[in-house]
Each structure stands twice: as C-alpha cells, then as structure tokens.
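Novice: Prediction below, plus the sequence it came from.
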Amino acid sequence: MTDQERLRLFEAQAEAAYAAMYDANSASAAAARYSDAKEALYDAIALAGQLGHAETRERLEVRLAHIKAVFRSQFSS
C-alpha cells in the first residue's frame, strides 16, 4: 500500500467512524466511534505531515476540530 493509499484509508476510516457516531445506540458507543474517528484523523494528520502535504494536513486538522465540536455539542452531557 502506498503512502497516498494509507492517507486515503485513514481519512475514510475517520469518516466512517464519524457517521457511525450518529447510529450509535448508546452514549458509550458514540464515544467509542468518536475515539475511532479521532485516532484515524491523528494518523492521517501525522502521515500528511511526514509526506509534506501541508494543505492536506491543515484540511484534516480543520475536520478534526469540526468532529470534536460536533461530539461535544451533540453527544456530551
């Protein structure tokens, strides 16, 4: 697998986990999907940085901030 493929995989995993957050049947399940999304995005951000893809890294950091804000506003008590 190439670095570009790994980057796309991490991002796809993050988006799938984010979508699954909304389908979770409990707060703990939503939190687990949130954690999965964050972990995948952290991996993607790190890889983008290693590859020197500053724009991709910045886009992913913005996406991570959005997901954090959504979780805090909709899933946290």
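Specialist: Looks like it arrived, so ask away. Numbering: from 1, shown residues only.
Novice: Flag the shaky bits of this protein, pLDDT-wise.
Specialist: 77 (pLDDT under 70).
Novice: What are the contacting residues of stretch 56-65?
Specialist: L7, E11, A14, K38, L41, Y42, A44, I45, A48, G49 (CB atoms under 8 Å, 6 or more residues apart in numbering). For every residue, glycine as well, the C-beta is placed using N, CA and C.
Novice: got the contact list for S35?
Specialist: S35 neighbours (CB under 8 Å, 6+ apart): none.
Novice: Then F10?
Specialist: Applying CB under 8 Å, 6+ apart, the residues near F10 are A40, L41, D43, A44, L47.
Novice: picking that back up, between the contacts of stretch 56-65, which sits nearest E55?
Specialist: Checking the contacts of stretch 56-65 against E55 by CB to CB gives A48 as the nearest, at 8.7 Å.
Novice: Can you tell me the element the closest one falls in?
Specialist: Taking DSSP states H and E as the definition, one finds A48 inside helix 27-51.
Novice: List the buried residues for that helix?
Specialist: 30, 33-34, 36-38, 40-41, 43-45, 47-48 (16 or more other CB atoms under 10 Å).
Novice: Could you export those residues as JSON lines, including distance to R59?
Specialist: JSON lines is the format used below for these (distance: CB to CB, whole Å):
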{"residue": "A30", "distance to R59": "24"}
{"residue": "R33", "distance to R59": "21"}
{"residue": "Y34", "distance to R59": "20"}
{"residue": "D36", "distance to R59": "19"}
{"residue": "A37", "distance to R59": "15"}
{"residue": "K38", "distance to R59": "16"}
{"residue": "A40", "distance to R59": "14"}
{"residue": "L41", "distance to R59": "11"}
{"residue": "D43", "distance to R59": "15"}
{"residue": "A44", "distance to R59": "10"}
{"residue": "I45", "distance to R59": "10"}
{"residue": "L47", "distance to R59": "13"}
{"residue": "A48", "distance to R59": "9"}
